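Visitor: fold the stuff below for me.
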Amino acid sequence: MSNNFYSYPIKLTPSIRMTYTDSRVHVGRLKNAVDFITRKNTPIMAALDGTVVDVKQDSDTGGDTEYYDKFGNYIEIRHPNGEYSIYEHIKKDGSLVKKRDKVKTGQIIGYSGATGWLAGLGPHLHFDVHKYFGEGPEDYETVEISWQRD
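Guide: Sure, this is the predicted structure:
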């Protein structure tokens, strides 16, 4: 379980579906990831206060096979207790933040898109909370998310 409590990164409405199990990619180190199936251009909010550590927003390419993984746009934020959150598949030039920006819970940080490896889900927001255990960009494991209760 995450040590922090996170807010939903998208305002939930009847037209948005939240799923842990629809993506065949959510195995191994991504087993605790969640997808929010939504239309393109849906506002994405910071799930917790933190500092932006990485942004990629130069791609307008997405598809259903692993080949497209390198084309995925994202925003990554560092939080207390050594935890990070990532917001993936944002639209091209869809980030409203840059590296080293401080963000607050609920602040709009970008807009959803359909970039990267979509795994048959179409436009959606991939969200996970993870901890790094090494120096490489892939040296992380997702943790089960503790959601903030209103």
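
Visitor: give the contact list for S7.
Guide: M45, A47, L48, T105, G106, W147, Q148 (C-beta atoms under 8 Å, 6 or more residues apart in numbering). In short, each C-beta sits where N, CA and C put it, glycine included.

Visitor: select from the residues you listed the one having the most neighbours.
Guide: When neighbours are counted by other C-beta atoms under 10 Å, A47 leads those with 26 neighbours.

Visitor: name the nearest residue to that residue, ignoring sequence neighbours.
Guide: Distance criterion C-beta to C-beta, 6 or more residues apart in numbering; nearest residue to A47, sequence neighbours excluded, is Y6 at 4.2 Å.

Visitor: and the one you found, how close does it get to K56?
Guide: Going from Y6 to K56 by C-beta to C-beta, to the nearest Å gives 21 Å.

Visitor: now I37: how far from T51?
Guide: Counting by C-beta to C-beta - I37 and T51 are separated by 28 Å.

Visitor: and the two? which has more neighbours close in?
Guide: Neighbours of I37 and T51, each counted by other C-beta under 10 Å, are more numerous for I37; the result is 18 against 14.

Visitor: can you give me the neighbour number for the nearest residue to that one once chain neighbours are set aside?
Guide: Among residues not flanking I37 along the chain, R17 sits closest, at 4.3 Å (C-beta to C-beta, 6+ apart). Neighbour count of R17, defined by other C-beta under 10 Å: 14.
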